[in-house]
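Colleague: From the sequence below, what's the structure:
(one chain, ligands or ions: 1)
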Amino acid sequence: MNKADTIWMNGELVPWDEAKVHILTHTLHYGNGVFEGTRAYKTEKGLAIFRLHDHTKRLLNSAKITMIKPTYSLEELEAAQIELLRANDFKGNVYIRPIIYLGYGVMGVYHVKAPVETAIAAWEWGSYLGDEGLEKGIRVKISSFTRNSIKSTMGKAKAVANYLNSQMAKFEAIEAGYEEALLLDEEGFVAEGSGECFFIVRDGVIITPPHDNSLESITQATVIELAEKLGYTVEFRRITRDEVYICDEAFFTGTAAEVTPVREVDARTIGEGKRGPVTEQLQREYFDVVYGRNRDFEHYLTYI
Ligand code: PMP
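Modeller: Below you'll find the predicted structure:
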């Protein structure tokens with residue numbers, strides 16, 4: 001990976017190679033930690049973090065859900081992310097990874113007495129599903145893994161433990177020769193990708209599943225806002241796998257994945273087997289927003 005100079009750890013900027021934890025870090029053993037994934041783009045006016053406030057708020061909401069008491073306020077965490085980006089000389093687009101985790105001090109499942117630690121790393125990171133994927137679309141497999149059940153985990157938290165399910169699904173998809181997994185919920189309806197929300201387009205209508213089994217995605221919300229502004233009808237409703245097979249277009253959205261077209265699902269060609277026109281338009285609009293080329297969305301950008 002692309003190293004940066006420093007990582008923010010509990011208020012200090014620590015050299016990248018020295019940002020370490022103890023082997024008995026509680027989160028490492030029992031999986032209670034919460035994190036964010038945020039991007040900053042090189043705009044014409046310099047580096048700008050996209051929706052910093054919303055990501056930081058979600059981080060604190062995740063901590064609330066999993067009963068971790070944050071030691072920094074929303075304002076402090078936002079300032080820390082800005083400080084980190086200013087302290088590092090980034091030449092390209094940046095991915096920011098804040099994490100609130102439980103550190104070294106107590107063992108055992110009861111977590112409340114474990115010390116709460118906060119770190120923020122940032123590094124230069126290109127497209128998550130590949131530049132070719134962004135342009136031509138990716139091949140997707142419906143996972144044999146069911147998305148985390150809301151009866152036992154809490155998908156509104158971007159919690160470390162939730163990502164075992166994502167990791168196994170992603171691994172299975174890659175092993176089978178696909179690029180990404182699409183997970184169904186316990187009832188068989190589409191939930192989300194391993195790290196993305198999912199959309200289909202049918203007869204010009206844009207459809208995405210409700211958040212029953214998925215993260216409340218910031219990219220998804222942005223794309224919906226853009227689509228509605230462009231005059232599209234957007235429906236939040238359940239989608240079945242056979243409806244995916246026969247849709248006109250499909251795409252993933254996520255901070256890392258941005259807007260990635262899907263060209264094939266389980267050996268069924270989606271639409272024309274390439275990035276569809278609605279997807280292309282939304283992708284273009286999304287990049288205009290994050291790169292500061294759409295003045296109506298300037299309020300989502302925090303310039304460094
Ligand atoms: N679902 C999951 C499971 C994710 O990990 C992500 C990435 N954070 C998303 C959806 C998309 O969320 P966002 O658009 O806020 O990055």
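Colleague: and whichever residue of the stretch 51-200 of the chain sits closest to the ligand, what does it touch?
Modeller: The stretch 51-200 of the chain approaches the ligand most closely through Gly195 (3.8 Å), counting by Cβ to the nearest ligand atom. Quick note: C-beta positions are derived from backbone N, CA and C, even for glycine. Contacts for Gly195 (Cβ atoms under 8 Å, 6 or more residues apart in numbering) come out as 37, 128, 166, 170, 254, 256-257.
Colleague: That one: what secondary structure?
Modeller: coil (DSSP: H, G, I helix; E, B strand; the rest coil).
Colleague: One more: Trp8?
Modeller: Following three-state DSSP, Trp8 is assigned to strand.
Colleague: From the ligand, how far out is it?
Modeller: Going from Trp8 to the ligand by Cβ to the nearest ligand atom, to the nearest Å gives 20 Å.
Colleague: Secondary structure element holding the closest residue to that residue other than its chain neighbours?
Modeller: Once flanking residues are discounted, Trp8 sits nearest to Ile120: 4.2 Å by Cβ to Cβ, 6 or more residues apart in numbering. Counting by DSSP states H and E, the element that carries Ile120 is strand 116-124.
Colleague: buried set for stretch 242-262?
Modeller: Within stretch 242-262, the residues that count as buried by 16 or more other Cβ atoms under 10 Å are 244-245, 247-262.
Colleague: can you narrow the residues you listed to ones near the ligand?
Modeller: Filtering these for neighbours of the ligand using Cβ under 6 Å from any ligand atom leaves 253-255.
Colleague: circling back: please read off the pLDDT at the residue of the stretch 51-200 of the chain closest to the ligand from the model.
Modeller: On the pLDDT scale, Gly195 is placed at 97.
Colleague: And for the one 5 residues further on?
Modeller: pLDDT recorded at Ile200 is 98.
Colleague: Run through the bridge partners of it.
Modeller: Beta bridges link Ile200 to Ile207, Ala250, judged by DSSP bridges.
Colleague: I figured it hits Glu249, correct?
Modeller: Yes. Taking Cβ atoms under 8 Å as the definition, Ile200 is a contact partner of Glu249 at 6.9 Å.
Colleague: Just give me the neighbour total for Trp8.
Modeller: Per other Cβ atoms under 10 Å, the neighbour tally for Trp8 reads 24.
Colleague: quick one: contacts for the nearest residue to Asp5 once chain neighbours are set aside?
Modeller: Spatial nearest neighbour of Asp5, chain neighbours left out: Asn88 (5.1 Å); criterion: Cβ to Cβ, 6+ apart. Asn88 is in contact with 4-6, 122, counting by Cβ under 8 Å, 6+ apart.
Colleague: Farthest-apart pair in those residues, please.
Modeller: With distances taken as Cβ to Cβ, the most widely separated pair in these is Asp5 and Ala122, at 10.1 Å.
Colleague: Outline the domain layout of the chain.
Modeller: Following automatic domain parsing, one finds the domains of the chain at 6-124, 131-290.
Colleague: Could you say which of those domains is packed most deeply?
Modeller: domain 131-290 (a mean of 19; mean count of other Cβ atoms under 10 Å).
Colleague: what residues does the protein put near the ligand?
Modeller: Contact residues, the chain versus the ligand (Cβ under 6 Å from any ligand atom): 37, 166, 192, 195-197, 214-215, 217-220, 253-255.
Colleague: make it 5 Å
Modeller: When proximity is defined as Cβ under 5 Å from any ligand atom, the chain approaches the ligand at 37, 192, 195, 197, 215, 217-219, 254-255.
Colleague: Alright, that wraps it up for me.
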